[in-house]
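**Student:** got a structure for you, letters missing:
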């Protein structure tokens, strides 16, 4: 166990998210009125978040959960954040110092290209009015909850099948993920 300050934990989470490039997804959402931060008292127009906290840093939207899951990072992320006390919706009761098992391993920087491809698909699908951004996010959030927390393998299989249908038009993402997976296979040979 190591002792970490609240700010170190927030910085670690933000650095992890930044290395994955999730800000490109946030940009698409914000441009299309789908920001998860909408309505927060700490959000300042044209400036962004004025008080980043543990709860908001550790929370992932449906899009981010989907990418983390597809890239094999969701379990590590959830395990790290579940041990951080004091999280509540847009509020933070985390003590100034916390004992943690350790830090998350840094993600592979090449995942940024997969995240960017997802954002490109999201932007194109939204621009073509093929999907409602908040509705898709909500559906992914719900399906990721089922995949993550349910134990019934039949329900999980069914949910993954529905998710694949939902994501069928995300071609840039599929190609980028396939290229990444192929690179990892070659690297492992």
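**Tutor:** That came through, no problem. Here the structure is a predicted model, which is why all the values come from computation and not from measurement.
**Student:** C-terminal to the helix or strand of the chain with the lowest mean pLDDT, what's the next element?
**Tutor:** Ranked by mean pLDDT, DSSP states H and E, the weakest helix or strand in the chain is strand 48-49, scoring a mean of 69. Toward the C-terminus, strand 48-49 is succeeded by helix 54-58 as the next helix or strand (DSSP states H and E).
**Student:** what pLDDT does the residue nearest the centre of the chain get?
**Tutor:** Geometric centre of the chain, nearest residue: residue 64, 2.3 Å, by C-alpha atoms, centre = their mean. We have a pLDDT of 94 for residue 64.
**Student:** what's the closest non-adjacent residue to residue 12?
**Tutor:** Ranked by C-beta to C-beta, 6 or more residues apart in numbering and with sequence neighbours excluded, the top spatial neighbour of residue 12 is residue 103, at 5.8 Å. Yep, even glycine has a C-beta here, placed from its N, CA and C like the rest.
**Student:** Assign a three-state SS to the one you found, would you?
**Tutor:** For residue 103, the secondary-structure state derived from DSSP: H, G, I helix; E, B strand; the rest coil is coil.
**Student:** Neighbours of it, how many?
**Tutor:** A count of nearby residues for residue 103, using other C-beta atoms under 10 Å, gives 14.
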